[in-house]
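*Asks:* Got a sequence here, can you build the structure:
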Amino acid sequence: MNVMLSSIFEPESVAVIGASNNESKWGGRILKNLLSGFQGKIYPVNPNENIVQGLDSYPSVLDIPGTVELGVIIVPNKYVHSIAEECGKKGVKGLIVISAGFSEAGNEDAELELVSIARKYGMRMIGPNTLGIVNERARLNASIIGRLPHPGSISFITQSGSLGLALAEWTIATELGLSKVISTGNKAETDDVDLIEYLSSDPSTGVIAMYIEGIKRGRKFLDAARNIKKPIVVIKTGRSKRGAKAVFSHTGSIAGSDEVYSAAFRQAGILRVDTIDELFDAALAFSCQPLPQGNNVAIFSNGGGASIVAADECEKQGINIADLTGETKEKIKKVIPEFASVSNPIDTAGTVSFKIYNDSIKALYDDPNVDAIIAIYVHTMISNAMPPAEAVVEMKQKCDKEIGKKPIIACWMGGMGTEEGVDLLKSGCVPNYPVPERAVKALSALIKHRKFLETVKTHDAQAGK
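*Replies:* Next comes the predicted model:
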C-alpha cells in the first residue's frame, strides 16, 4: 500500500480545493507555493471564483476535465467529508487534508468517518490538521512553507505543524539540504510507520529526522525502524508530566512512558536526541559523511582550549581519542611549530596555514589507528578562515578517492570573519558546527548507527537470515 504514497509525494496533477486569490489565506498561500515550482497540472477549486491566481477555477473537483492524482483540501471541517467523497468519485489517489477540527479537537468520530471515506475509495491521506508536505526533488510545495528547501538527502517528519514550519524555514535559511518535509498532522490514515517504509525505498532520502509527540502503532513502528538501514534521528517530546499533558491536548496523542520509549528506540536503532540542534546536527552529518569503521577519533585544532573541550565531550560520548602512530606524529611535526603539540588532540598553538591543515589531515587519514577526524579552526583577527577550509575540503576529496572514506567533522569557531570558510565547507559537503561539543555529538551519532548496523548484521547472521 505504501507505493501509493507516491501519489502524494510525486503526483502528476494536483487539485487545491479551497484555493484563493488572497495569498494571506491558506488556500491562497498553498496554491502560490505550488505554482512557484511544480511542473504538473494544477487545478484550483473554488465555487465562488472563475479565475484563481491566473488559472481557471472549478466549482468542484468533479468538474475538472482532466485526471487529478492529488487533492489538497483546505476548507472548514464541516465540508471535508463531502469533498473527500467527491475526490474518491473523481479517482483521486492521494489526499492532504489541511483542515483541522478533528481528533485534536475531540472529534474522533468525524476523523474515523474521514478515514473510512479514504479507504472506501482506496485513497491515501496525510492529515487532517497538517501544514502539508514538501518534496524538493519533485519541486512540489504543497504546504504553507514559504519556499522550497535547498536540495539534500534529509527527510524531516514532524507531528507539530507550527514547529515543523519554523524548523523547515530555519533549515532553508541555514542552507541545510532537505529532500522532504512531512507534517503528519493527526496521522489518521497515514502514520509514521507508512512514512518510514516509504522513505526506506526513496532514493532521494539518506537520513530521516523526526519530531514525535506520540506513536500509534508502537510495535510496527519499531519493526519498521529496525528493518531500515537508513539512520533515523528522533526528538521525542512529552518527557515531563506537564509535557505529556500538553502533547495530548495538542494532537490527541498519548505520549507514553518516556523510559519505555528510550529503551525501545535503542533496540530499534533509533537515535534519540534531546534538542532540536542535535536533531539537525546529526542529520547533517549523516547526509554527507560516511560511517566510521571504528570508535577512534583524531582532533586537530589551532586552539588548545577548543581541542580540550572536544576531547572532554568525546569522553562523555564514549569516543576514544586515537593513539597516533610514530610515523603520523613525525609527519605532523614537520609542518607545525616546534613548540606545538603532536599528541592527540593536536594543537598548532595558534598557527594557521593551508599547508599545516592539508599535510596534517593527510597524515591523520593515512593513520590506521584513526577512524574519524574532527578539524577545528578558532578565528582570530590575525588569521584567515579560508586556507584551512580549503585544505580540509581538498584533502577530504582527495583522500576519499585514494585512501578510503573516513568521516571528517569541522568546527569553525568565531562567527564574524569565518563566513567564507564555512560556506566553502558547506559546498564541499563537510558538516560544520559552531562549537566543539556539537561537532562531537554529531560524530557520536555516526558511530552509534554504525554499531547498530553491526549488531543487526551479527544477529541476522546468527539467525540464518
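*Asks:* which residues sit against stretch 113-120?
*Replies:* Stretch 113-120 is contacted by residues 80-81, 84-85, 88, 95, 97, 102, 123-125, 128, 188-189 when judged by C-beta atoms under 8 Å, 6 or more residues apart in numbering. All C-beta atoms are positioned from the backbone trio N, CA, C, and that covers glycine.
*Asks:* Off-centre distance for that stretch?
*Replies:* 30 Å (C-alpha atoms, centre = their mean, to the nearest Å).
*Asks:* what mean pLDDT does it have?
*Replies:* For stretch 113-120, mean pLDDT rounds to 97.
*Asks:* can you pull the buried residues of it?
*Replies:* Residues of stretch 113-120 classed as buried by neighbour count (16 or more other C-beta atoms under 10 Å): 114-115, 117-118.
*Asks:* Which ones among those residues lie within helices?
*Replies:* 114-115, 117-118 (DSSP state H).
*Asks:* Outline the domain layout of this structure.
*Replies:* Annotated domains of the chain cover 2-285, 290-451 [automatic domain parsing].
*Asks:* mean pLDDT lowest for which of those domains?
*Replies:* Mean pLDDT across these is lowest at domain 2-285; the value there is a mean of 90.
*Asks:* on that earlier part again, quick check, nearest of the ones in helices among the buried residues of stretch 113-120 to residue 267?
*Replies:* Comparing these against residue 267 with C-beta to C-beta places residue 115 closest, at 30.0 Å.
*Asks:* Next one: the closest one from residue 367, what distance?
*Replies:* Counting by C-beta to C-beta, to the nearest Å, the gap from residue 115 to residue 367 is 57 Å.
*Asks:* again, but for residue 215
*Replies:* According to C-beta to C-beta, residue 215 and residue 367 sit 43 Å apart.
*Asks:* picking that back up, dump the ones in helices among the buried residues of stretch 113-120 into JSON lines; add distance to residue 374 as well.
*Replies:* Listed next are those as JSON lines, based on distance: C-beta to C-beta, whole Å:
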{"residue": "114", "distance to residue 374": "50"}
{"residue": "115", "distance to residue 374": "48"}
{"residue": "117", "distance to residue 374": "53"}
{"residue": "118", "distance to residue 374": "49"}
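*Asks:* ok, what's across the strand from residue 232?
*Replies:* Residues in a beta bridge with residue 232, per DSSP bridges, are residue 208.
*Asks:* Tell me, how many residues neighbour it?
*Replies:* A count of nearby residues for residue 232, using other C-beta atoms under 10 Å, gives 26.
*Asks:* so how many other residues sit close to residue 450?
*Replies:* Residue 450 has 19 neighbours, counted by other C-beta under 10 Å.
*Asks:* Isn't it up against residue 291?
*Replies:* Yes: using C-beta atoms under 8 Å, residue 450 is in contact with residue 291, at 4.2 Å.
*Asks:* How about the secondary structure of the closest residue in space to residue 363 that isn't next to it in sequence?
*Replies:* Spatially, and ignoring its direct neighbours in sequence, residue 363 is nearest to residue 331 (3.9 Å; C-beta to C-beta, 6 or more residues apart in numbering). On the three-state scheme (DSSP: H, G, I helix; E, B strand; the rest coil), residue 331 is labelled helix.
*Asks:* For residue 392, see how far away residue 331 is.
*Replies:* Residue 331 is 17 Å from residue 392, by C-beta to C-beta.
*Asks:* Compare those two (neighbour count), which wins?
*Replies:* residue 392 (27 against 19).
*Asks:* by contact count, what packs against the helix or strand containing the more buried one?
*Replies:* Element membership of residue 392, judged by DSSP states H and E, is helix 386-402. Judged by 3 or more C-beta pairs under 8 Å, 6 or more residues apart in numbering; DSSP states H and E, helix 386-402 is in contact with helix 354-366, strand 372-378, strand 408-413, helix 419-427.
*Asks:* so which of the ones you listed comes closest to residue 184?
*Replies:* Closest approach to residue 184 among the helices and strands packed on helix 386-402 (C-beta to C-beta): helix 419-427, 29.1 Å.
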